[in-house]
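A.B. asks: Predicted structure and sequence below. I'll ask about it afterward.
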Amino acid sequence: MPHPRLIAQKVITCILPKGRALRVARALTKQHGLTAVDIHYARGNGRLTPLRYRGIGETLEKEVLTVAVPAAQADDVFEYIYELADINRPHGGLMYMHTLLGATPYHLPALPEEED
């Protein structure tokens, strides 16, 4: 039986072309109030990219966006990210979602907004 303070969560992971993840992460925090958002970087290429057929090992930098979402909101947030990140376009990236056993609530303190 899960601990009573744990909240059912899902994790959404997006592998995006370089330059898209920060905009999505900011929107998730501002529009949906999500605080468990992370961006890290990877290198790779898709199955149908010209770099794959050159055979010289070239890869592109990718951004990996990971966000924990309350299970009740997960499908709506997944759809929101899909549209916002342009996943539906050729070479737009990919995304998937899986269940997280649980997570404790975390609230960020009120801080002034940073300038871009």
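C.D. replies: On my side now, so go ahead. Residues are numbered from 1 along each chain as shown.

A.B. asks: Please give the element, helix or strand, for L28.
C.D. replies: Using DSSP states H and E, L28 maps to helix 21-32.

A.B. asks: helices or strands up against whichever helix or strand comes after that helix?
C.D. replies: Using DSSP H and E, the helix or strand that directly follows helix 21-32 along the chain is strand 37-44. In terms of contacts (3 or more C-beta pairs under 8 Å, 6 or more residues apart in numbering; DSSP states H and E), strand 37-44 is packed against helix 21-32, strand 60-70. C-beta coordinates here come from the backbone N, C-alpha and C atoms, glycine included.

A.B. asks: could you give the mean pLDDT of the helix holding L28?
C.D. replies: The average pLDDT within helix 21-32 is 94.

A.B. asks: buried set for that helix?
C.D. replies: Of the residues in helix 21-32, 21, 24-25, 27-28, 32 count as buried by neighbour count, 16 or more other C-beta atoms under 10 Å.

A.B. asks: could you check the angle strand 37-44 makes with it?
C.D. replies: Between helix 21-32 and strand 37-44, the angle comes out at 160 degrees (axes from the mean of the first three to the mean of the last three C-alpha atoms, to 10 degrees).
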